[in-house]
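K.L.:
build me a model from this:
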Amino acid sequence: MAGTIEEKVTELVTPLVESMGLTVWGIRFRGGNDHAMLQVFVDSEEGISADKCGELMDVLSPALDAADLIAPKYTLEVSSPGLDRILFTLEQATAYVGQTIKAELRIPTNGRHKLQGILEEVSEDGMLKVNDKISGLMEIAFSNVSTARVVPEFKSNNKKAPKSGS
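P.N.:
Sure thing, here's the model as predicted:
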């Protein structure tokens, strides 16, 4: 197995996750001097319950220990991607065109390290067009994005809070 820890873990856990009727949304590894964190995000059509995450943890933990990909200590976290899901792939980004995203860039574009705005377009050659709320329409390479997240939108019901003492 070659590649990053994320790639190695993805290769190892994908068949296990899929055997439980789930899909791997993404893997994130953050190393630390004394302790590291491995996050495995899983999803399914029906969503993910805490019980399902626990069951998956019981399957993945011994498999990861046996494969010995990460040394020495790390915490394994299994969860759903959530409403503010990280977009790990171009395909995932494509599914959220028309929605608001937040992106942190590896190399600043137009002097900006962080953007937030409507994801207008995802091109096949890996470019994102984001209508940033500060800089307007920006074109950024997906490869230059260190993290992109969906910004959940909650529909307001337009009910005003009651005024006290009226």
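K.L.:
OK, contacts around Leu38?
P.N.:
5, 9, 27-29, 64, 70, 74-77 (Cβ atoms under 8 Å, 6 or more residues apart in numbering). Where C-beta positions appear, they are placed from N, C-alpha and C, glycine not excepted.
K.L.:
host element of it?
P.N.:
Assigned by DSSP states H and E, Leu38 belongs to strand 36-43.
K.L.:
closest one to Pro152 out of the contacts of Leu38, please.
P.N.:
Nearest to Pro152 among these is Arg28, at 18.9 Å by Cβ to Cβ.
K.L.:
which parts of the next helix or strand after the strand holding Leu38 are buried?
P.N.:
Downstream of strand 36-43, the first helix or strand assigned by DSSP H and E is helix 50-67. Under the neighbour-count criterion of 16 or more other Cβ atoms under 10 Å, helix 50-67 has 52-53, 56, 60, 64 buried.
K.L.:
put together TSV for the contacts of Leu38, with distance to Asp125, secondary structure and pLDDT on each row.
P.N.:
Below are the contacts of Leu38 laid out as TSV (distance: Cβ to Cβ, whole Å; DSSP: H, G, I helix; E, B strand; the rest coil; pLDDT from 0 to 100):
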residue	distance to Asp125	secondary structure	pLDDT
Ile5	28	helix	89
Val9	28	helix	94
Ile27	25	strand	96
Arg28	25	strand	94
Phe29	28	strand	93
Leu64	35	helix	93
Ile70	34	coil	84
Tyr74	36	strand	89
Thr75	37	strand	92
Leu76	36	strand	94
Glu77	34	strand	95
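K.L.:
which ChimeraX command selects the buried ones in those residues?
P.N.:
This is the ChimeraX syntax for the buried subset of the contacts of Leu38, where burial follows 16+ other Cβ under 10 Å:
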select :5,9,27,28,29,64,70,74,76
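K.L.:
next one: phi and psi at the residue most central in space within the chain?
P.N.:
In the chain, the residue lying closest to the centroid (Cα atoms, centre = their mean) is Ile86, at 2.0 Å. Ile86 adopts backbone torsions of phi -80, psi 140, taken as degrees, to the nearest 10.
K.L.:
could we number from 40 for the rest of this?
P.N.:
With 40 as the first residue, the last one maps to Ile125.
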